[in-house]
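Peer 1: Sharing a model prediction with you, sequence too.
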Amino acid sequence: MAATKEKILVVENDPAVSDLIARQVLRPQGFEVKVLTEASTALQQAIAYAPDVVIANLDLPGLSGKDFLAALASQNIDIPVIMIAALGQEHDVIQAFRLGASDYLRAPVREAEALAAVERAMKQVRARRERASLSRQLQQTNQELKKRVNELTTIFSIGKAVTSVTDHKELFGQIVEGAIRISESDLGWLLLRDERSKEFILTAHQGLPKSLAKNLNQPWDDGISSLVALSGEPLSIHGQPLGRFKIASLGKAALVVPVKVQKQTVALMVVMRKKDKEYNSSDQAMLAGVSDYASISLVNSRLFRALDERAASLEQAVEQVKNSDELKNDIIDHVTHELRTPLDSAKGYVDVFVNGEMGSLKSVQRDALVSTQQKLERVLAILDAMEKMRETAAPVNQKKVNLNDLANQAVGRAQKAAKEAEVMIIAELPSEPLYVNVDVGQINLVFDALLSNAIKYSPKDREIMVQLGRARNKYPQVSVWDQGMGISAKHLNHVFDRFFQVDNPINKQSGGLGIGLALVKEIVNAHGGKVWAESKLEAGSTFYFALPPAE
Ligand code: ADP
């Protein structure tokens, strides 16, 4: 396109002068020139023709050049005016300058002077025009910058909400609000795909009429959204084409952007304008930014949900374990109760026979009865242990004792069994007393259980060592060390569990119940202590327990 010509208005009543200026000087230079011979219409023409420069004779009939300048100024018309003045009009020229004339030509006008004056004026005009255009550009850039800052502030506030708002319903509401603001829309909504039914559910909205707002949390199909869900691409639609869809009654332009998680469209963000103003690519880009945040918060909400579910299932598992512990306790109560009376009376009878109160017995009869007596004693001992286990919720009779004394007594009690098993028990006790506040009966049970296990699982001729000292935290600590069969790492984790038994020949023969160590653990824990074990298969085991020191 050719550049528009620069326009010059010449107001001169002498045709020879105006012809010289217009035809001979300016037009050949590419200017568009309009000549007025009358000053009366000069002002209207200066407005209507909008010249870049005016050349006017100072001495016009009808309106003087000075009046013309004053009229231009009063109309706020800022066009450079070059005056033509005859010799002797210097005084008027000065006045004309005062009134805003930019230059003057002395009559008779010479071509070169006229051209030079016009060029000087045009230079001014061009510079002013450039300044105006620059300032316009600056204003525009400023406005755009302001808009971008607004958009970024909105996106930033959504980003902040995504990381700080934990209620996802509220967060989705904020996202829709941000999407509307950023895209200069009037209403909008967010549709979330239901993972099971695959339908889109209206999850958050703003500006929807009541009749549609009541569909919150219900499946939603506006015709357009499903198309976007299928294509996975944003869709901007306005004017007539929008008329085909249900949502046409809500506005005149719509923008639908998919929200994706791992390339899958999991939600749709829809915004609408009441005015028929198409959404451009910048609107799309901004909304895509918001939808990225929506996608992050969706992933977050899924993680939260998964965590919640996991926590709930763990809680349930804990409850089940608790119930199963309670069930075990109930069984123990029931079994001990049902067995105690008949076993006691059976043993009473056997004792009577073995003691010879019913007359003398043949030796085979006696042997059989002694063996029965022993078995009954063992079963009753197990019942005792089971009952004790029920009772050890908390230490009952606590008193301050020297743990060395309890260890000594326990070793003494175990000597008989050790002798029978042909193992030796050594005690290594420190010279300092180790005072603890304990229920002596219960701690005796702990020593007995550990020593009886050490004896039971040691081959003959081995040593068992009971050592006492202080743990690093100054707690009095006991260790029972044996050179027995040991426990595999896999089983070691479970030896303190109730009813846990390693499947080995000794256990098969002895018929233990897997209660001893569980009891040990419960007693020690109830005293605020700690119990643990180290072991190596075929090499031996060490069982430790530590108790809080007495004040
Ligand atoms: P139980 O009453 O059957 O002996 P415990 O609770 O005392 O049950 O022990 C649980 C299991 O730990 C036992 O079945 C046994 O296999 C193993 N165990 C305990 N102490 C020792 C030890 N000193 N050496 C080897 N195995 C042991």
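Peer 2: Everything's here; your move. Numbering: from 1, shown residues only.
Peer 1: any chance you could map the helices in the stretch 101-250 of the chain?
Peer 2: Using DSSP state H, counting those that start in this stretch, the helices of the stretch 101-250 of the chain run over 111-164, 168-182, 210-213, 224-231.
Peer 1: So which of those helices is nearest the ligand?
Peer 2: The ligand lies closest to helix 168-182 among the helices of the stretch 101-250 of the chain, at 49.1 Å (CB to the nearest ligand atom). (Glycine included, C-beta is placed from N, CA and C.)
Peer 1: Show me which residues of the chain sit near the ligand.
Peer 2: Residues of the chain lying near the ligand by CB under 6 Å from any ligand atom: 449, 453-454, 457, 482, 484-487, 495, 500-502, 507, 512-518, 541.
Peer 1: Among those residues, which lie within helices?
Peer 2: 449, 453-454, 507, 516-518 (DSSP state H).
Peer 1: In this structure residue 122 contacts residue 26, no?
Peer 2: No: using CB atoms under 8 Å, residue 122 is not in contact with residue 26, being 10.4 Å away.
Peer 1: more neighbours, those two?
Peer 2: Set residue 122 next to residue 26 and count neighbours by other CB atoms under 10 Å: residue 26 wins out with 22 against 18.
Peer 1: Distance of the closest residue to that one other than its chain neighbours relative to residue 17?
Peer 2: In space, and not counting its chain neighbours, residue 26 is closest to residue 33: 4.9 Å by CB to CB, 6 or more residues apart in numbering. Distance from residue 33 to residue 17, counting by CB to CB, to the nearest Å: 13 Å.
Peer 1: Kindly tell me how buried residue 263 is, as a neighbour count.
Peer 2: Using other CB under 10 Å: residue 263 sits among 6 other residues.
Peer 1: got the contact list for it?
Peer 2: residue 232 (CB atoms under 8 Å, 6 or more residues apart in numbering).
Peer 1: Let the chain start at 156 from now.
Peer 2: With the count now opening at 156, the last piece we talked about shows up as residue 418.
Peer 1: Tell me the spacing between it and the ligand.
Peer 2: As for residue 418, its distance to the ligand is 54 Å (criterion: CB to the nearest ligand atom, to the nearest Å).
Peer 1: Tell me which residue of the protein is furthest from the middle?
Peer 2: Most distant from the centre of the chain: residue 243, at 88.0 Å, with distances by CA atoms, centre = their mean.
Peer 1: That one looks like it's in a helix, true?
Peer 2: No: using DSSP: H, G, I helix; E, B strand; the rest coil, the assignment for residue 243 is coil, not a helix.
Peer 1: rewinding a little: packed most tightly, which of the helices of the stretch 256-405 of the chain would that be?
Peer 2: helix 323-337 (a mean of 21; mean count of other CB atoms under 10 Å).
Peer 1: mind checking how far that one is from the chain centre?
Peer 2: 16 Å (CA atoms, centre = their mean, to the nearest Å).
Peer 1: what helices or strands is it leaning on?
Peer 2: Under the contact definition 3 or more CB pairs under 8 Å, 6 or more residues apart in numbering; DSSP states H and E, helix 323-337 sits against helix 266-319, strand 342-348, strand 355-361, strand 419-428, helix 436-509.
Peer 1: one step back: in the helix or strand hosting the residue nearest to residue 181, what counts as buried?
Peer 2: In this structure, residue 188 sits in strand 187-191 according to DSSP states H and E. Across strand 187-191, burial judged by 16 or more other CB atoms under 10 Å covers 187-188, 190-191.
Peer 1: Run the chain-centre distance for it.
Peer 2: 73 Å.
Peer 1: and the helix or strand just after it, what's its mean pLDDT?
Peer 2: Once the chain leaves strand 187-191, the next helix or strand it forms, by DSSP H and E, is helix 197-203. Per-residue pLDDT over helix 197-203 has a mean of 84.
Peer 1: Also stretch 284-299?
Peer 2: The predicted model gives stretch 284-299 an average pLDDT of 90.
Peer 1: List phi and psi for the residue farthest from the centre of the chain.
Peer 2: phi 90, psi 0 (degrees, to the nearest 10).
Peer 1: Which stretches in the stretch 506-655 of the chain count as strands?
Peer 2: With DSSP state E, counting those that start in this stretch as the criterion, the stretch 506-655 of the chain has strands at 553-557, 579-583, 590-594, 618-625, 631-637.
Peer 1: now the first one and strand 590-594, what's the angle there?
Peer 2: Between the direction of strand 553-557 and that of strand 590-594, the angle (axes from the mean of the first three to the mean of the last three CA atoms, to 10 degrees) works out to 140 degrees.
Peer 1: Walk me through which strands strand 553-557 pairs with, and which way each runs.
Peer 2: Looking at strand 553-557 with DSSP bridges, its partner strands are strand 590-594 (antiparallel).
Peer 1: again with the fourth one
Peer 2: The strands that strand 618-625 pairs with in its sheet are strand 579-583 (parallel), strand 631-637 (antiparallel) (by DSSP bridges).
Peer 1: still on that earlier bit, pull the contacting residues for the residue nearest to residue 181.
Peer 2: Per CB under 8 Å, 6+ apart, neighbours of residue 188: 162-165, 176-177, 181-182.
Peer 1: What confidence value was assigned to it?
Peer 2: Residue 188 is assigned a predicted lDDT (pLDDT) of 95.
Peer 1: still on that earlier bit, want to try JSON lines for the strands of the stretch 506-655 of the chain, with mean neighbour count and mean pLDDT as columns?
Peer 2: Shown next, in JSON lines, are the strands of the stretch 506-655 of the chain (neighbours: other CB atoms under 10 Å; pLDDT from 0 to 100):
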{"stretch": "strand 553-557", "mean neighbour count": "14", "mean pLDDT": "95"}
{"stretch": "strand 579-583", "mean neighbour count": "15", "mean pLDDT": "96"}
{"stretch": "strand 590-594", "mean neighbour count": "20", "mean pLDDT": "95"}
{"stretch": "strand 618-625", "mean neighbour count": "18", "mean pLDDT": "96"}
{"stretch": "strand 631-637", "mean neighbour count": "24", "mean pLDDT": "98"}
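Peer 1: Out of those, the one nearest residue 426 is which?
Peer 2: Ranking the strands of the stretch 506-655 of the chain by proximity to residue 426 (CB to CB) places strand 631-637 first, at 70.5 Å.
Peer 1: In JSON lines: the strands paired with strand 618-625, plus distance to residue 202.
Peer 2: Shown next, in JSON lines, are the strands paired with strand 618-625 (distance: least, CB to CB, whole Å):
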{"stretch": "strand 579-583", "distance to residue 202": "119"}
{"stretch": "strand 631-637", "distance to residue 202": "108"}
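Peer 1: Which of those strands sits closest to residue 354?
Peer 2: Taking CB to CB, strand 631-637 is the member of the strands paired with strand 618-625 nearest to residue 354, at 64.7 Å.
Peer 1: how much distance is there from the closest one to the middle of the chain?
Peer 2: That offset, for strand 631-637, works out to 49 Å (CA atoms, centre = their mean).
Peer 1: what's it in contact with?
Peer 2: Residues from elsewhere that reach strand 631-637, judged by CB under 8 Å, 6+ apart: 558, 562, 589-591, 602, 605-606, 609, 612-613, 617-626, 695-702, 704.
Peer 1: For residue 508, give its distance to the ligand.
Peer 2: 29 Å.
Peer 1: From what I see, that residue and residue 522 are in contact.
Peer 2: No: between residue 508 and residue 522 there is no contact under CB under 8 Å: 12.0 Å.
Peer 1: care to break this protein down by domain?
Peer 2: Domain ranges of the chain: 162-286, 320-450, 476-544, 553-701, per automatic domain parsing.
Peer 1: so where is the chain shaky, pLDDT-wise?
Peer 2: Low-confidence segments of the chain, defined by pLDDT under 70: 156-158, 317-321, 456, 459, 477, 480, 483, 540, 543-549, 665-667.
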